[in-house]
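1. Attaching a predicted model along with its sequence, questions to come.
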Protein chains: 2
Amino acid sequence: MLKLKKIAIDTYRDTVAFMARDCPHYRPEEFRAFKKILVVNGHNRLLATLMIVDDKCLLEGDELGLSEQAFRRMGLPEGSPVAIAPAEPPRSLDHLRAKIHGHSLDRNQIEDIIKDIASHQYSEMEISAFLVSCAGFMTTEEVLALTHAMSHVGVKLQWNTETVVDKHCIGGIPGNRTSMIVVPIVAAHGLLIPKTSSRAITSPAGTADTMEVLARVDLSMHEMQQVVEDCKGCIVWGGHVNLSPADDILISVERPLGIDTREQMVASIMSKKISAGSTHLLIDIPVGPSAKISGAGNALRLRKLFEYVGAEMGLHVEVIVTDGAEPIGNGIGPVLEARDVMAVLRNDLDAPGDLREKSLRIAGSLLESDPALRGGSGYQRAQELLESGAALRRMEEIIEAQGRQTTPVALGELTLDVCAAETGVIRTIDCFRMARIARLAGAPLSKGAGIDLFKKVGDKVEKGMPLYRIHACFEADFGFATAFAQEESGYHIGSAAS
Amino acid sequence: MLKLKKIAIDTYRDTVAFMARDCPHYRPEEFRAFKKILVVNGHNRLLATLMIVDDKCLLEGDELGLSEQAFRRMGLPEGSPVAIAPAEPPRSLDHLRAKIHGHSLDRNQIEDIIKDIASHQYSEMEISAFLVSCAGFMTTEEVLALTHAMSHVGVKLQWNTETVVDKHCIGGIPGNRTSMIVVPIVAAHGLLIPKTSSRAITSPAGTADTMEVLARVDLSMHEMQQVVEDCKGCIVWGGHVNLSPADDILISVERPLGIDTREQMVASIMSKKISAGSTHLLIDIPVGPSAKISGAGNALRLRKLFEYVGAEMGLHVEVIVTDGAEPIGNGIGPVLEARDVMAVLRNDLDAPGDLREKSLRIAGSLLESDPALRGGSGYQRAQELLESGAALRRMEEIIEAQGRQTTPVALGELTLDVCAAETGVIRTIDCFRMARIARLAGAPLSKGAGIDLFKKVGDKVEKGMPLYRIHACFEADFGFATAFAQEESGYHIGSAAS
């Protein structure tokens, strides 16, 4: 038996155990043949990657160290006795190998894999193998089975009402913060819209990051339910709600790999919405040259798959295809995007028109699911709620209920204006590149970092006119972002005549 | 700038950098958005995974820690100034994504990927993605391109002779140590056979592990060339020779995933043999129910692919299909296998006949590539060299030249005899299970650990008779191995009549 010790190293997504090389009970080198080790104390069990320590100050021979993440997950005090064993590979790896070698999987096999993934039995390399084998080929039955399995390993929310609406954008468009406008409109009308959002993974801001500028978002499930009861809506981070733990793990590998297949996207989104107890779901598919979906044909195929899975799983799905040619709104990054959202809700004259218009369209469509509303009047009702200030008031109530941020977050003070290299008309703005610049500037972790767009597609510019301003809070970030932007601005300017 | 510090943690295959959370120059959390960080000091550059330290004793704010592996690879003294930047993803990931989404790759694209893998630009998750996408589908042109690319990123050995022979077994059969008998026979005849072998990765012993019981095997390339010049042959570990660094990295992910496709196997083996300067290669494909290849049809397809790639790459390939129904020889594990090998070379009466016979067959086939030898007389010549003691003498010379082990390695003293549960005839021995038991007992790291087989397929046994003996050197290993063996011995005994 070894004595448990917490090692003050934050290993992020890895669960790491440390053993001294001169451990008197086990020979740590031997465990390396096994992918992971199992740390055991009665019913407390943890799978971890092993690292070997050659420093007495860090770890004694009779101790087993756990990184901060691993220690938390083990849930035992320091000094607790633990035993070690080589970890058996999860049994569902056999199904994975079958899939890799070209076989289709049935419902039970997919369920086994998803259960093992959700309980952290898979390494990143195995998750990657699963994702790539699915990217190669997936039958519609497999998509359904995957959706079903993922929605069943998480928590399922219950609501005491017949209609629960939700919206989801497949992403890829910077600044696209419609949820923060749609939720207060729909909630102000009286429909239930318990919105959980993600934090940014590869983008400069997720809805949760932006909402966090205004209010607390890391609510427990109980707290979230309280807010929804009081306000009919919420805008919280999904991380504490645990709607689809397997999906969260899959995404953590999918994103850095840049795999983005229709099948996985649909299973991912639908599983979360089913767990969230939604009855009516609106999906926003932005289409544009630098958006995730670049052509009408692809958008159509994706729409059909959403509709099919929705129908099979008993969820009413409405899909809208929107313009994804450029960022929505003017700000990119949490503080700047929150500014745009509040400007729309306040009906400010300089509020970004594209963000307002798109939000009204989505809110209007969701309002149509209210049987009490006359068919076709959703958009008008949404407009009314926005213009009357009812949506703004509801937003303030939601902010209050979630917990208002008392210390305002400042915009990054290190700035650089990126200017037009020539005179002409802005033809395109590269969404991917703008996101990258904002990220290098520090967003979303630096909430005040990001990009403020002064010009959008169709605007005329003269050489030397500022196109956008980079904001950063730290010198190193500022350096990375400005160097990248100066290499290539992300704006394509054409001659005015063409 | 941060000051370089070596952290006494052995992170095995991972290259890990450590930053203090309160680093005054960078904010470590931000770098997490990027898969890896780049550590830079002039031309010295290193890609590493970042971990964040919350312990002043381990790391100060202005220091950058590197794990033992990473520090070695960085190659700078402690205290050297280093800068940090987010690592750009390798450009060849675009090709990888194309492959994942179903496109075939051309020669240049595969070359880009292999170069990036060989220079440690890919994470395990990306390597896994590459392997699985190749497992899904690979054209013959892609196999050729992969072989070509892998043989070009490593060192290429040159020999001053026309004929350079080599042998390779695709593996999977415990105890199959023919190389250690074939090399001295062929070298005694006068043909050049510079054999590099691997250490065990998932098996209980590789040829390098077994040879190491008798002699040094971790020779530098220069030392290896010297041994071959003196003795015409060698049996060394390939790890210091760096024949196919990309392949070594691919294998490190392939094995734990259990992906084993024909295409990858052929590219892997052929690339190493081409780099080794071989002109004639004999491939051994054992076929059996628990071997890697289980049917004649699969063996045939594999043989054809070896022959095709060999022909295209200008290497003469001979493929033999052998009996893989049970372990070869009696010992499993380095010390026990070395015992079997020396018994055959000494022409001991109790030397395992199957190991002797198979080695003679392989050596005989290789000797046929000597133009001076009369066609069809290879086997007879091999037998002559073995029986006359010429092969044993040559083995002793090779051992001497590589560096004889002066302290003999003892057999594990913790033993358990696993006995027949019933009376009958041994029908099958599960190669996979025997390998697993020997590994749990501590092989190959505990050289004296392993299994000594008393009975083979076809032998009659009575209930309670010992089938094999488990040897282990450490209590923990002994416990793991005996528990696993008692659960299921790996022997299938049928009634004598059937």
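-> The structure has been received and is ready for your questions.
2. Tell me how far residue A:241 lies from chain B.
-> 22 Å (Cβ to the nearest Cβ, to the nearest Å). (Glycine included, C-beta is placed from N, CA and C.)
3. hmm, I was thinking of residue A:412
-> 13 Å.
4. Which one of the residues in the stretch 251-400 of chain A is closest to chain B?
-> Going by Cβ to the nearest Cβ, chain B is nearest to residue A:256 of the stretch 251-400 of chain A, at 5.1 Å.
5. CA atoms only: put the one helix or strand that residue maps to into CSV for me.
-> Taking DSSP states H and E as the criterion, residue A:256 maps to helix A:245-257. The C-alpha coordinates for helix A:245-257 follow below in CSV (Å, rounded to 0.1, in the frame of the first residue of the first chain):
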residue,chain,number,x,y,z
PRO,A,245,-20.6,14.0,-20.3
ALA,A,246,-19.5,11.7,-23.1
ASP,A,247,-20.1,14.5,-25.6
ASP,A,248,-18.0,16.9,-23.6
ILE,A,249,-15.1,14.4,-23.7
LEU,A,250,-15.5,13.7,-27.4
ILE,A,251,-15.5,17.4,-28.1
SER,A,252,-12.3,17.9,-26.2
VAL,A,253,-10.6,15.7,-28.8
GLU,A,254,-12.7,16.6,-31.8
ARG,A,255,-11.9,20.3,-31.7
PRO,A,256,-8.1,20.2,-31.6
LEU,A,257,-8.2,17.6,-34.3
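6. Any chance you could list what contacts the very next helix or strand once past it?
-> Downstream of helix A:245-257, the next assigned helix or strand under DSSP H and E is helix A:262-275. Applying Cβ atoms under 8 Å, 6 or more residues apart in numbering or on different chains, the contact partners of helix A:262-275 are A:131, A:134-135, A:138, A:142-143, A:146-151, A:154-157, A:166, A:168, A:170, A:196, A:238, A:243-244, A:247, A:250-251, A:254, A:281, A:283, A:298, A:301-302, A:305-306, A:309-310, A:313, A:315.
7. Next, the angle helix A:245-257 makes with helix A:262-275.
-> 150 degrees (axes from the mean of the first three to the mean of the last three Cα atoms, to 10 degrees).
8. Which ones among the contacts of helix A:262-275 map onto strands?
-> A:166, A:168, A:196, A:281, A:283 (DSSP state E).
9. isn't the third one right up against residue A:241?
-> Think residue A:196. Yes. Proximity of residue A:196 to residue A:241 meets the contact threshold set by Cβ atoms under 8 Å, at 5.4 Å.
10. who touches both of the two?
-> What both residue A:196 and residue A:241 touch, as defined by Cβ under 8 Å, 6+ apart, is the set A:224, A:276.
11. Neighbour count for the two, which is higher?
-> residue A:196 (25 against 22; other Cβ atoms under 10 Å in any protein chain shown).
12. Identify the bridge partners of that one.
-> residue A:236 (DSSP bridges).
13. ok now do it, which residues does it touch?
-> Counting by Cβ under 8 Å, 6+ apart, the residues that residue A:196 touches are A:224, A:236-238, A:241, A:243, A:272, A:276.
14. In CSV, list those residues along with pLDDT and distance to residue B:322.
-> Listed next are the contacts of residue A:196 as CSV, based on pLDDT from 0 to 100; distance: Cβ to Cβ, whole Å:
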residue, pLDDT, distance to residue B:322
A:224, 95, 64
A:236, 96, 63
A:237, 93, 60
A:238, 87, 56
A:241, 81, 58
A:243, 85, 54
A:272, 92, 53
A:276, 93, 58
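15. Now the phi/psi pair for the residue nearest in space to the middle of chain A, please.
-> Centroid check for chain A by Cα atoms, centre = their mean gives residue A:198 as the closest residue, at 3.4 Å. Dihedral angles of residue A:198 (phi, psi; degrees, to the nearest 10) stand at phi -100, psi 160.
16. was I right about it contacting residue A:205?
-> No. Using Cβ under 8 Å, residue A:198 is not in contact with residue A:205, being 10.6 Å away.
17. In terms of helix, strand or coil, where does residue A:447 fall?
-> Put simply, residue A:447 is coil when judged by DSSP: H, G, I helix; E, B strand; the rest coil.
18. tell me the contacts of the closest residue to chain B within the stretch 51-200 of chain A?
-> Proximity to chain B, evaluated over the stretch 51-200 of chain A using Cβ to the nearest Cβ, is greatest for residue A:55 at 3.6 Å. For residue A:55, the contact set (Cβ under 8 Å, 6+ apart) comprises B:7-9.
19. Are we agreed that it is in a strand?
-> No. Under the criterion used here (three-state DSSP), residue A:55 is coil, not part of a strand.
20. mind checking how far it is from residue B:10?
-> With distances taken as Cβ to Cβ, to the nearest Å, residue A:55 is found 10 Å from residue B:10.
21. The nearest residue to residue A:466 once chain neighbours are set aside: helix or strand, and which one exactly?
-> In space, residue A:466 comes closest to residue A:417 once its chain neighbours are excluded; the distance is 4.0 Å by Cβ to Cβ, 6 or more residues apart in numbering or on different chains. Element membership for residue A:417, per DSSP H and E: strand A:414-419.
22. Buried residues in the lengthiest helix in chain A, which are they?
-> The longest helix of chain A (DSSP state H) is helix A:296-313. Neighbour-count burial for helix A:296-313, counted by 16 or more other Cβ atoms under 10 Å in any protein chain shown, picks out A:299, A:302-303, A:305-307, A:309-310, A:313.
23. Report whether it contacts chain B.
-> No. Interface with chain B: helix A:296-313 contributes nothing (Cβ under 8 Å from any Cβ of the partner chain), its closest point being 12.2 Å away.
24. Can you give the domain ranges for chain A?
-> A:2-86, A:93-153, A:165-242+A:256-402, A:414-494 (automatic domain parsing).
25. who are the neighbours in contact with residue A:449?
-> Going by Cβ under 8 Å, 6+ apart, the list of residues near residue A:449 reads A:333, A:412, A:438, A:441-443, A:471-473, A:477, A:481.
26. Check which helix or strand the closest residue to residue A:361 other than its chain neighbours maps to.
-> Leaving aside its sequence neighbours, residue A:361 sits nearest to residue A:379 (Cβ to Cβ, 6+ apart; 6.7 Å). Element membership of residue A:379, judged by DSSP H and E, is helix A:378-387.
27. So which bits of the stretch 301-450 of chain A are right by chain B?
-> Residues of the stretch 301-450 of chain A lying near chain B (Cβ under 8 Å from any Cβ): A:439-440, A:442, A:445-446.
28. about what we covered before: give me the helices and strands touching the helix holding residue A:379, please.
-> Contact analysis of helix A:378-387 by 3 or more Cβ pairs under 8 Å, 6 or more residues apart in numbering or on different chains; DSSP states H and E lists helix A:179-189, helix A:353-367 as its packing neighbours.
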